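Undergrad: how would this look folded up:
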Amino acid sequence: MSSGSSAPTKPDVAPAEDGLVRYSLTELRARKARGAVRTSEAAPEADLDNDAFWARTTVRMPAGKTSVHLRVDSDVLDWFKAQGAGHLTRMNAVLRAYVEAHDKADKI
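TA: Sure thing, here's the model as predicted:
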């Protein structure tokens, strides 16, 4: 049930460093039972107890990451940090966008 407010509800737990809130399946079910989820009632629901679903599912591991020591200008690092938690992830996303833009330009 909605209280009529469109303001997002606060999570029961503090967000992780990356800004995401993670719940176990048990926690999600409990939140749903007490009406603490914002999922539309009309949203389709996956049948995760369906063996056919799991039979055609494959695990895909993300590409590996390499730890590097990188010297950047102080003002650049300060700007990314000022954007909030996850500044290293955002820096990686900017670098990835640069690489993808150049890869695309090279193929034209």
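Undergrad: now the lowest-mean-pLDDT helix or strand in the chain - C-alpha only, PDB.
TA: Lowest by mean pLDDT, DSSP states H and E among the helices and strands of the chain is helix 51-55, with a mean of 77. Output of helix 51-55 as PDB, limited to C-alpha atoms (Å, rounded to 0.1, in the frame of the first residue of the first chain):
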ATOM      1  CA  ASP A  51      13.800 -25.800 -13.400                       C
ATOM      2  CA  ALA A  52      13.400 -25.000 -17.100                       C
ATOM      3  CA  PHE A  53      14.500 -21.400 -16.400                       C
ATOM      4  CA  TRP A  54      17.700 -22.600 -14.700                       C
ATOM      5  CA  ALA A  55      18.400 -25.200 -17.300                       C
END
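Undergrad: quick one: contacts of it?
TA: Contact with helix 51-55 is made by 46-47, as judged by CB atoms under 8 Å, 6 or more residues apart in numbering. For the C-beta atoms, the positions are set from N, CA and C on the backbone; glycine is no exception.
Undergrad: swap in 7 Å and give it another go.
TA: Residues from elsewhere that reach helix 51-55 (CB atoms under 7 Å, 6 or more residues apart in numbering): residue 47.
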